[in-house]
Structures are given as C-alpha cells and as structure tokens.
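A.B. asks: Sequence plus the predicted model coming up.
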Amino acid sequence: MAASNGGASSPALPENKGRFWNRRLRRASFISPSTGERSKRTFTLREATHRLSGDDETTPLLDDGATANRQGSSKWLHFQELAKQQTTKGWQFATSKTGLGIFKCALAYLIGSLATFVPAIAGFIGDRQDSKHMVATVTVWFHPARSIGSMHEATVLAVIALLYSAFVSFTSMTISMLFGRQDLLAVGHAIVLVVFIGGGLGLVAWVKQRLGHPLVNVACSLASLGCITVLIKEGAVQAGSFSHERVLQVLFMVVMGVVIVTAVNILVLPTTARGSLVKDVEKNTDLLADILISITRAFLSGRRSDLEDEYYKKLTSDQQASSGSMSKNLGEAKRELCLLGKERQYDLEARIVDCLIGLAQDLGGLRSAAFAQFSFMDDAFTQPATNGNVNGTMLPTKTQDARPNILDRITEDPEDDTEGVHRPSVGIDTAITPDRRASIDSITYLDTPMSMKSPGDMFLAFIAQLGPPTKSLVYTIKQILDELPFQQKPNAGIWSMYAGVPNVEVAVNENFHSSLQRAIEMYRQARADALRKLHASRAINAAGLASQQGGKGAKAPSSFQISSPAKSTMGETRLEAVLADIEEVSACCGHFSFSLLDFAEDVLTYLKLLEDLKAEMQTPRHSWRWLAPWWPRGERQHSTDQPLPSKRFHDHSEEYDMPRDIPAHVQQADAFADPEKASANRPWSYSLYRALHIFRRDDVRFAIKVGLGALLYALPAFLPETRPFFVHWRGEWGLVSYMAVCSMTVGASNTTSIKRLIGTCIGALLAIVAWVVSSDHGDANPWLLGFFGWLMALGCFYLMLALGEGPMARFILLTYNLGALYSYSLSIRDDDNDDDEGGIDPAIWSIVLHRLVAVIVGCLWAIVITRFIWPISARRKLKDGLCVLWLRMGLVWKRDPLAMFLLGEPRSSYMDIREEATLQSFLSNLEGLRKAATSEWELRGPFPDKLIGRILERTGRMLDAFHAMNVVISKNLQYTPGEAAVLRYTRPERFALSARISHLFSVLASSVKLEYPLNDVLPSIDHTRDRLLAKISEFRQGGEGRDITTEQDYELLYAYVLVTGQLSEDIQAVSAEIETLYGTLNEDNFKLQ
C-alpha cells in the first residue's frame, strides 16, 4: 500500500497475518474453571482449541512418502490398497446412521412384499384382490429410517389419514347407494365427484401445502392412495352398492404396511431422538466455543481472513446445521420423553436448546463488532496523511506511515513462545531489543493520550489495554464449554446400547459457576478501566482535532454515486467526520465488550440449566399431564417455566415527548398504522371484500384447482361409456401420480414431474427385467423375484436417503410394484377379471405399458392444471415476495426502532423490530421459491439464479442485523434514566437516519417491482450516521443528563450504530446487483397503451 507522503511506501502485511501480528500483548492471569484458582501461567487462544490445525485425524502422516512408494510398487499392490480403502469407506457408510437407515428401509420393503409372495398372507388379505402390492407401496412412502419419536408422530398421522380415507370411502358409497335406490344414480355420482373427489382430494392438497411437513406429506399420500383406490378402482361407488369388504381390504393393506414399518423401526437397530439430541447439544456447544475463539483471535489480531476463510465458514455452517438438527430432534424427543412421563426433563432440555440458540446470537454481536473494526481500520490505513483547513487548502503534515504507531508494539507473545514460530518483523527495525518489544507491559498507551494521533491509534490502544483480560475470559469460557454438557455413565444397559438411548450424566463441576462468575467480575473491572481511559483520551483528541479542524475526513465514496445536502461548511463537516470516527471507536470497542459479557452471562445461565437438569435426571419425577392439557400445571409451572418478559415499555414520560419534538414522519407513521383510521370512511362493500379475502389466498386457490383437476380426471371412471377404457389403462394410478406431482408453483410441479417421469421409466424397465429373469411362461420364482426387489430397494433408498432424490426413488419402486409384484399376483391365481392383461400368464409388456402410460398421463395432467388454471409462477411470487419483504423491513425503520422506549410501542406489529423472526421465516420461503423458479422456462431468458441468490444472501445479512438489534432491545425492555437522556438528545439524528433507511428500502422494492433501474443518485446513510455519531460525542461533552449516564447506557446506541453501518453496506451491495439486473432499458414497460 503506497503512502501519500514523500513517495514512501508502507510495508505490506504478510499473507494470512493480521495487522497486529508482530505485536506483543501483556501477560494476563486467568481463572481455572475446575479449581477456581487464579493462574498466571502462559496460555494462548491457539491452545484453547484443537480444531485450528489444518490437518484432520484422517490425513496420512506420510502421504508424500506413501505416494512415492506407490509409484514404485506394482499395479497389483496398488489395486489391493485401493480396494482396501474403498472397502473401509463402504463399511463405514454401511454402519453409519444413513447406511443403517437404508438397510432398515430395504428390510421393511422386503417384508411388505411378502404379502404378495407368501400364499398364506395373500389369502388372509383376500383372494379377489390383485392389489396386494399396496403393502409394499406403503412401506416406500412410510419408511422406517427415522427415530422412535418421529415414528410415533408418523404413526399418529397415518392413523388420521386412514380414518379420513375410511370416512370418505364409506360416506361416498352410502350416498351413491341411497341415490341409486331412488333411480338417481347419476345425481349420486355427481355428488361424489364434486364433494368427495373434488372436495376431499382438494382438502388433502390444502393440508399438504399449508403444513408443509415431510410427515404430513406422507400421510396425505396415504390418504390419497386409500381414497382413490376405493372411489375409482373397486367399482362399488359406480355400481351404487355398499361393499365394505373391498374397503376393509384396502384399509387393511395400508394398516399392514404401517405396522410392518413401525415394527422394523422399533425392533431393528432402533434410533432415539434423545440420543441424537444429546449428540447435537454436545456438538453445538463445542462449535460455539470454537467460533468464540476464532472471533476473539480475529478481533485482537485484526486479521479479517480469520472470519472469511474456509475453516470459519465450515464452523458456522456446521453450527447452523447443528442448530437445525437440534431443534428437529428436540421436537421428536418431546414425544419420547412425554410418553415416558419425563415432561420436566423435556422442559429443561427445551430451555437448554433455547439458551444455546441465544449464545449463537451473542456471537453474532461479537462478529458484527469484529467486522466493524476491520472496516474502520481499513479506512484508517488507506486514508491519505494530509489535513485540510476550513478553506480547503492543503496543510503540510509530518511524513509518516499510514498505519498507527502503536501497531509496532502489539503482539501476542505467548503464542510465539508456545508455538516456537519465528516471525520476522516487517517494516520496522529488525534490531528490536527484548526490552523494547516488551515495553507495552510497562507503558499503557491509554495513559498517554497525546501520543495517539488518530482514531486508529485509540482503537489499537484499547486492544492493548483490554486484550489480555479478553483472552483470559475467553480462555476460561472455552475450558468450561469443553467439559460440557454430558459425559458417559458406566454400566450401560443392553437396551441403551442397542437402541441408542443416551446413558449420560450432566458434566457440571461444582466450581464452574463460581469460577466463571469471578472471571466475569475481573473482566468487568478491566473493561471499565479501559473504557474510562479510552473516553479520557478521546476527549483530549477530540478537543485537539477540533481546534485544528483536521482528521480523517469524510467516508470514502461508495461504489455508486451518493448525494447529500450540504448543510454546513467544509470545516464543520470535516470536524463532524472526525468526531464520528472517534465515537465509532467507542461503539466498536464497547459493543464487542458488551457482547462478550452477554455471552459470558448466558454461559452462566447455561450452567444453571445444566445443574437443574442434573438434579432432575438424578431424581426424576414422572408425570403425564400432556394427556390432560386442561389440567392446572401447579408446581411444575413455577419450577420450570420462567415468566416471559413483558413486551411493554414502562415509565413512559410524556414530559419530554411533546408533539412538537416528534418529527412529522414519525407522527405520520403512527397515523398510517392506526387500525381505527384505516377502517374509517370505507364503503360497505369493503367489508365484503375483506370477508372474501380467503379466496384470494394462494393455498386456497391451489386446493380448489387441484380438486377441480381431480374431478375432471376421475369423470371418465363414472361414465358407463368411458369406464372400461379408464379401467383398462389403469387410470386410478394416474390420479395417484397427479396428486403426488401437483405443487403450489409451476416450477415445483415441473421439477417433481420430471423426476417422477424418469423414475417411472426406470421402474418400468427394472420390472420387465425382473419378470423376464425370474419367470417361465408365467411361472415366476418368488425367491428370485423377492431378492431382486430387495436389491433394487437398496439402490432406491440410497437415492432417497443419501442423495435426497425422494420423488424419483419413490416412483421407481411404485412402478416396479405395479409391474413385477402385480404380475405375480395375477400368476398365482387371479380371480379379479384381469384377462385383459394375461390372467394367470401375465403379459408383462402390457401391464408395464398400462401403468407407465397412466403415470405419465397423471404427471402431464398435473402440469396442465398448475400451468393453465390459476397459474402461480415461482418467479412472480419471488419478485413480489422480495418487494413485500423489503417494504416490511422499511416499515420497521419508518418509525425508529428505538423510539418505542420513549414514545411507546408502534400501533402495528409491522413496525415492530421484534417481529423480525417472521421476516426470517418468510425469507426461507423465498429461498424455496428461488429453487422452484430455476425450473420455470420463459422465452425472455433463463432465471438469473446466481444474481438472485446474492440478493437473498444480502437480504439475509440485513435480517441478521435486525436480529442483533432485536436481541439488544429485548434485554433492555425498561430503560434507565441514562438511556433515556442519551436517547432524547440523539432523537432528531436517529429519526433522520431511520427515515433514510426506510426510504432506501422502498426504493429497492419499487425498482424490482417495476423492473426499472435505480436512480443514479441515492441518499447516503453514511453521512447521516456520522451526524449521529458526532451527536453522541457532543452529548458526552456537555449534553443534558450526561452526569447520570453510565457506559452501560450506551449499549443500545452502540448496537444501533453498528446495525445501521451494516445495513448501509448491504443496501449498497443490493443496489449494485439490481443495477446489473435491470441496467438495460426495457421499452415494453414504457409503452403508453
């Protein structure tokens, strides 16, 4: 990096080294968690974690030598070695959770196929029933590769599906029989078509779409299968008769499949959600500790790469995946624990999971402070070392390097000592004596503020002062988290070992809580001293810089043009920027220290919950109150459930909040969200319009069109002229395929239909091959056919569980069952009028052709319905949803989020930042629409998947900033007098900043909605933010109420400053992406017509 003076060039930092890499931090003591003693031995953050090594445990120690030996060895030895490696990998996969799940699924399928192959079981179902392959089909949809808790939920849902299909079947036959006796059979058929096929299957589609849960999808598939088989195939409804035998046979086959799957799940290599939850909690705890180490090292070393390299990305992705798995397993463990009467244990485990999620949120605040440090220091290091006077003339300055002088004195000496790594100095005198290098131990640069010549110097001096206590606290926390939360107990029972039931105890040392409390108090005192000295040096620097009208100056211009009204002279603007830089140092350092304290205090809460869980596991108290949820909870409510914090903001003082002090746009925002004014002066028709809003919902329209499509598809089965043709081509399986393929959007239907068509063709081919190999003129070998089906099931469930290709795998097995297993049912003694397909000598080609055509027609019919009847485009929903999301985010800032402390809560939840969880959930829905949109083909071009992905990623970062702000607000529901004073003093600047952010969100939404590029000149957030920072600095010097304001009272504004800074960066990035997307004028959008 070139300096701006005298042609001197500043030294370049070594690769992967932070800007503080060769500086020494003074030695600090730490609290030993196990003993509570204060230790002064040398320690490093590097030794606190075992995951910092670039090599993992599976990396060969002599890889290069082994490679050389292989080159000289024979091909046979090389083949042996390769075969050994592949065998080892195969065995590891086979014994993994996924591999065992595949084995269990294939076993359940094999047992289900016995209903076709074993004459005794087939006869028990009934002789006049050629659909015994339905038992095996049920085991495909309702597979056993899940925990016992999930199996419990799936079984309950399957029972509900069976009851629903039985109700639809018996009711439809009853209505058809009643109208048939009155010679009105056609009327009865019409009612059955409209109510039970159109309405019944439409309701199934609505439930499937509304709940969107995998197990609900399975139950809906079972319900559709049962209803369609009885209403379409069996013929009792068409004949106007009541045939309970056929209905009971169908329901019995479905029940048999469910029982087989449940038995395999429980008896064969069972897995428990409780065991998975224990592993997830342990893994999540370790990952949080490692992330804490990485963020702290990055902050203290100034090394941005520590938070952008693959190692840190892997940590964060693993932690997010672990959190998702932990929440999922907690829901499944709830059913296991409640069934055993351990409701109190579940309550404690649920609170532990919530606590771990809160710890991850605290780490988000630490990460935000670290990136704010990186951005600030990058600006400081790239700033020219010249000052301008108020008239704009350049004043000569002392030639110096752009980097602050204190950088030459900070290093983390214990790491160099323990690692034994020699790090040569860069850009400084190599003849640095030990006394000179250790000078920071005896000289505290916060005590000599005049030696700091820039805000960057102040920042680095703060790190020098608070760095050692920070390392000590983090090291203590890491040692505690390494021991938590569980440890194995000896003498595990046989069932515990076989079923994976956790045989653990809580590993909480009696000294952990007191040791961490003592470490927190040490850090709190050190932080107070560091902040006090920082404020003293800041006041001196601010006064000196103000007298010179110099400083770093305004922020660097953004990537696109920014305009800001000039309301002051150049000198005042430059002074304002300097004061903003100085205050930003306080915000960054203060927020990091506050977030670290929040994390440590939440670890204390974590320890307390683990202690409660330990006591509960040692002396469990059983209860089954979930069987009577209306019964008073009594003692349990008070012992385990903490009262939820009130969302009200008390002590609202009207004295300072006169209407003249509140900006007009905030008053307009309150009026805009007033529900009483919104409903006033509306015509009577508006009430009717609101009452009919349910029919404008996409999920209701989807259910209506799916029901209409099912009605039209099933109509030929009720007409005497077309029913023989419909039955001959097995149209009922086309309707089953139609129900499986129909999805909300056109893109999702395209994706599933293509995969199901491919699966159908593969299944048909495999059915033909299996039948040709195992049969001789209709006399098939059941052993060979069963073994072939088991092998095929292994491959299909590998596609389903390991590769995630569920739709394709299910239709491979479905088509195979309709071909091979159905043919065997005909060959052993058919008595169900199936001579059109060969009877006892099945015509496999005709059978497979009929099923293949039926499935293909059903898939094509689903595409037609979703594409031409109320089409719901994923592209359009994604664009509209993104606009609505940005408008909702803008509404939050239309009324300043911190205004609720003094002005009360907003009139609408749309303007409450505490609703950010709803926005996060909606963003995940947009990610699903993005995947579906890639399968929608339009003539104007392909879907810009990568660009939209970057926009959604940036939007997610904005919502993360919202969440960080929400966390701080949630912890400060009742403001202190000091907070009230600083909030009142900075109210105009905050309102101006929030109004600008709200305006930019509306501009982004308008640009995407209209497909029009952004304006060339947009208002700046940075300048307004600098005015807020300068106002905070002004309050510290002479604001009303500063005497009663403590450093803790600035936490809200520190978080506010960092959040608005991140929003500024992300909004600029999204603006650049929109400019790329709509940078070319589209004349079709501007035609006057």
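C.D. replies: Alright, I've got the coordinates. Numbers count the residues shown, from 1 in each chain.

A.B. asks: ok, residue 83 to residue 475 distance?
C.D. replies: Separation of residue 83 from residue 475 (CB to CB, to the nearest Å): 47 Å. Yep, even glycine has a C-beta here, placed from its N, CA and C like the rest.

A.B. asks: Quick one: neighbours of residue 1077, just the number.
C.D. replies: The tally of other residues near residue 1077 (other CB atoms under 10 Å) stands at 16.

A.B. asks: quick one: secondary structure of the residue nearest to it when sequence neighbours are not counted?
C.D. replies: Setting aside the residues directly before and after it, residue 1077 is nearest to residue 947 in space (CB to CB, 6 or more residues apart in numbering), at 5.9 Å. With DSSP: H, G, I helix; E, B strand; the rest coil as the basis, residue 947 sits in helix.

A.B. asks: Is it correct that residue 900 is in contact with residue 906?
C.D. replies: Yes: assessed by CB atoms under 8 Å, residue 900 is found in contact with residue 906 at 6.6 Å.

A.B. asks: overlap in contacts of these two?
C.D. replies: residue 912 (CB atoms under 8 Å, 6 or more residues apart in numbering).

A.B. asks: Quick check: which element contains the closest residue to residue 971 other than its chain neighbours?
C.D. replies: Leaving aside its chain neighbours, residue 971 sits nearest to residue 598 (7.3 Å; criterion: CB to CB, 6+ apart). Using DSSP states H and E, residue 598 falls within helix 570-618.

A.B. asks: where does the stretch 951-1089 of the chain dip in pLDDT?
C.D. replies: 1015-1017, 1080-1085, 1089 (pLDDT under 70).

A.B. asks: So which residues of it form helices?
C.D. replies: Using DSSP state H, counting those that start in this stretch, the helices of the stretch 951-1089 of the chain run over 977-985, 987-1010, 1021-1038, 1051-1077.

A.B. asks: Give me the buried positions along the second one.
C.D. replies: Counting neighbours by 16 or more other CB atoms under 10 Å, one finds that the buried residues in helix 987-1010 are 987, 989-1005, 1007-1008.

A.B. asks: what angle sits between that helix and helix 1021-1038?
C.D. replies: Here the directions of helix 987-1010 and helix 1021-1038 differ by 170 degrees (axes from the mean of the first three to the mean of the last three CA atoms, to 10 degrees).

A.B. asks: Taking their axis directions, helix 987-1010 and helix 1051-1077 sit at what angle?
C.D. replies: Going by the same axes, to 10 degrees, helix 987-1010 makes 30 degrees with helix 1051-1077.

A.B. asks: Can you name every helix or strand that helix 987-1010 contacts?
C.D. replies: Secondary-structure packing of helix 987-1010 (3 or more CB pairs under 8 Å, 6 or more residues apart in numbering; DSSP states H and E): helix 664-672, helix 874-894, strand 1018-1019, helix 1021-1038, helix 1051-1077.

A.B. asks: go on, the third one?
C.D. replies: Packing partners of helix 1021-1038 (3+ CB pairs under 8 Å, 6+ apart): helix 512-548, helix 570-618, helix 977-985, helix 987-1010, helix 1051-1077.

A.B. asks: Mind putting those helices into JSON lines with distance to residue 1028?
C.D. replies: Shown next, in JSON lines, are the helices and strands packed on helix 1021-1038 (distance: least, CB to CB, whole Å):
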{"stretch": "helix 512-548", "distance to residue 1028": "16"}
{"stretch": "helix 570-618", "distance to residue 1028": "8"}
{"stretch": "helix 977-985", "distance to residue 1028": "11"}
{"stretch": "helix 987-1010", "distance to residue 1028": "4"}
{"stretch": "helix 1051-1077", "distance to residue 1028": "7"}
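
A.B. asks: Quick check: which ranges of the stretch 601-750 of the chain have low pLDDT?
C.D. replies: Across the stretch 601-750 of the chain (using pLDDT under 70), the flagged ranges come out as 632-681.
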